[in-house]
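Asks: sequence? don't have it. structure:
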């Protein structure tokens with residue numbers, strides 16, 4: 001049975017934020033759309049819902065704003081710009097590394113999510129870029145979308161498509177593992193005890209020697225933030241080597257993930273007894289401070305190599321950011 005396609009949003013974003021799509025249930029009975037929205041969403045207050053309609057925040061399937069007396073039609077879709085909660089201040093600088101008609105690459109800071117999720121909507125890469133496009137009068141900015149993952153706590157190269165023509169070919173390069181990623185990180189020079197560490201310390205090769213290849217099976221238990229390395233056939237591979245020793249017992253490492261599992265580099269480094277500096281999940285002593293903008297995770301997406309989705313020309317993108325150890 002063919003999957004039913006989602007209806008296209010008929011309303012452009014506001015300040016980079018798209019409206020929420022809501023399907024009016026067939027098994028509920030309300031006189032108006034307003035009555036249903038009051039029933040469904042907190043604070044379940046008639047005046048709160050009336051304010052949404054008063055400021056033109058509710059739209060029908062044709063993209064026209066609905067009045068508070070709009071009839072409830074089961075199965076129909078409506079779009080609502082819901083009030084957004086306040087968000088804590090975050091670094092929002094997004095230096096452009098490359099841009100043309102189809103492609104945009106930015107240098108993401110630590111702590112900034114890529115797409116709206118959880119408590120972050122306004123302060124995300126996609127929202128900020130779309131909002132800037134709106135201010136510049138560019139309606140095509142609404143199409144900006146990431147073509148690969150980059151965790152909120154990780155900084156560095158992020159590639160986005162600006163057109164539908166570019167999105168598919170770029171995403172397929174990542175799915176086929178044709179994109180080449182290079183990360184840099186700060187971690188201890190000598191193995192330290194950490195949960196998930198292999199029993200026997202492993203010697204770490206230093207550049208220009210060939211890297212150490214780490215293989216393991218990674219699983220993410222339902223409801224857990226942490227990814228675990230478990231017995232079984234490997235589904236993740238990372239190449240790691242030391243680039244340079246820093247002051248004290250700290251080294252700058254290079255990591256090249258050959259697969260794309262969640263938290264892959266972080267789990268593999270912890271398994272080597274070299275947890276990434278300021279890692280709140282896999283460090284030896286996780287704290288509430290580690291991984292915050294003040295004490296960011298010392299992991300940087302340094303370089304990304306892909307083929308241009310339209311011309312096929314090679315693109316090599318490099319972050320200009322620098323990893324720094326926090327003050328003791």
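Replies: Thanks, I have it. Because the structure is a prediction, the values reported are computed rather than measured.

Asks: let's verify residue 37: helix, strand, or coil?
Replies: helix (DSSP: H, G, I helix; E, B strand; the rest coil).

Asks: shouldn't it be in contact with residue 52?
Replies: Yes - if you go by C-beta atoms under 8 Å, residue 37 and residue 52 touch, sitting 7.0 Å apart. To be clear about C-beta, it is placed using only N, CA and C from the backbone, and glycine gets the same treatment.

Asks: list the contacts of the residue most central in space within the chain.
Replies: Centroid-nearest residue in the chain, with C-alpha atoms, centre = their mean: residue 114, separated by 3.7 Å. By C-beta atoms under 8 Å, 6 or more residues apart in numbering, the contact set of residue 114 is 108, 124, 125, 126, 146, 149, 150, 152, 158.

Asks: closest to residue 83 among those?
Replies: Nearest to residue 83 among the contacts of residue 114 is residue 124, at 17.2 Å by C-beta to C-beta.

Asks: against residue 61, how distant is that closest one?
Replies: For residue 124, the distance to residue 61 equals 27 Å [C-beta to C-beta, to the nearest Å].

Asks: look at the two and report which has more neighbours.
Replies: residue 124 (22 against 13; other C-beta atoms under 10 Å).

Asks: so who does that one touch?
Replies: With contact taken as C-beta under 8 Å, 6+ apart, residue 124 is in contact with 112, 113, 114, 115, 116, 117.

Asks: let's see 6 Å
Replies: Residues near residue 124 by C-beta atoms under 6 Å, 6 or more residues apart in numbering: 113, 115, 116.

Asks: with adjacent residues omitted, what lies nearest to it?
Replies: residue 113 (4.6 Å; C-beta to C-beta, 6 or more residues apart in numbering).

Asks: so the one you found makes contact with residue 120?
Replies: Yes - using C-beta atoms under 6 Å, residue 113 is in contact with residue 120, at 4.7 Å.

Asks: all strands of the stretch 1-150 of the chain, in order?
Replies: 20-23, 58-59, 77-80, 96-99, 103-108, 145-146 (DSSP state E, counting those that start in this stretch).

Asks: should've said the stretch 201-328 of the chain
Replies: 212-219, 228-230, 236-245, 250-257, 299-307, 314-318.
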